[in-house]
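Student: Below is the structure, and that's it, no one-letter string:
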Ligand code: GDP
């Protein structure tokens with residue numbers, strides 16, 4: 001296994017666009033509805049418990065948190081969306097921050113969207129997927145908490161999500177812009193994952209290796 005993920009360390013939390021670190025090298029962002037299991041997934045992907053705690057620290061939950069793997073590669077924890085107890089004005093400010101980050105970041109190679117396997121493709125998820133589709137941003141979906149379902153039910157959920165994505169995102173619209181990835185017609189991939197049982201780690205590492213250009 002690639003040891004780089006175990007070397008992840010907190011770099012900085014960003015609350016304003018002006019604070020973003022230099023836009024060089026390769027970056028993968030991780031997004032998800034709050035409580036979907038994003039922090040636990042980051043924890044298991046890196047094998048470092050304290051990383052998830054950093055992103056959960058009061059004041060940091062609304063920031064974009066950067067973790068560096070090495071000099072040229074970063075994992076980026078985006079604030080969880082759909083968090084009901086946040087005032088509208090704050091929600092809008094952080095939505096603006098995330099949108100601008102997504103729109104302008106040229107080192108961004110792909111987005112991992114974490115979804116609870118029992119409640120995938122919420123309105124928020126679909127909104128982000130649409131944006132990624134138009135921007136031709138590659139997406140990898142982690143259907144997490146798969147331990148909560150039987151193996152058969154989890155596999156059925158996986159197929160159902162793939163089916164919905166195929167239905168929704170068959171390419172009829174030409175891409176608005178290309179970010180230099182291969183011209184693959186289906187840049188959305190999906191897998192089952194469990195932070196509790198630590199399953200699906202190799203598959204997500206494989207995707208990260210590809211996007212982060214680990215040889
Ligand atoms: P976040 O808000 O998206 O960062 O979600 P967290 O990682 O904090 O997880 C939310 C809740 O789901 C916590 O109580 C976790 O213990 C639980 N959780 C996260 N991942 C899993 C998983 O793979 N399996 C199970 N059973 N529970 C999980």
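Tutor: That came through, no problem. Nothing here was measured: the structure is a model prediction, and the numbers come from that model. Numbering: from 1, shown residues only.

Student: so where's the chain shaky on pLDDT?
Tutor: 84, 170-186 (pLDDT under 70).

Student: what ranges do the helices span in it?
Tutor: Along the chain, counting by DSSP state H, helices occupy 38-46, 49-56, 88-104, 123-135, 151-168, 201-211.

Student: so which of these is the most packed in?
Tutor: Stretch with highest mean neighbour count among the helices of the chain: helix 38-46 (a mean of 22; mean count of other Cβ atoms under 10 Å). Where you see a C-beta, it was placed from the backbone N, CA and C, and this is true even at glycine.

Student: Relative to residue 91, how far out is residue 211?
Tutor: Separation of residue 211 from residue 91 (Cβ to Cβ, to the nearest Å): 29 Å.

Student: I'd guessed residue 15 sits against residue 62; true?
Tutor: Yes - applying Cβ atoms under 8 Å, one finds residue 15 in contact with residue 62, separated by 7.1 Å.

Student: more neighbours, these two?
Tutor: residue 62 (18 against 15; other Cβ atoms under 10 Å).

Student: Contacts only, for that one.
Tutor: 15, 79, 86, 90, 94 (Cβ atoms under 8 Å, 6 or more residues apart in numbering).

Student: Which pair of those spans the longest distance?
Tutor: Comparing every pair within those by Cβ to Cβ identifies 15 and 86 as the most remote, at 14.0 Å.
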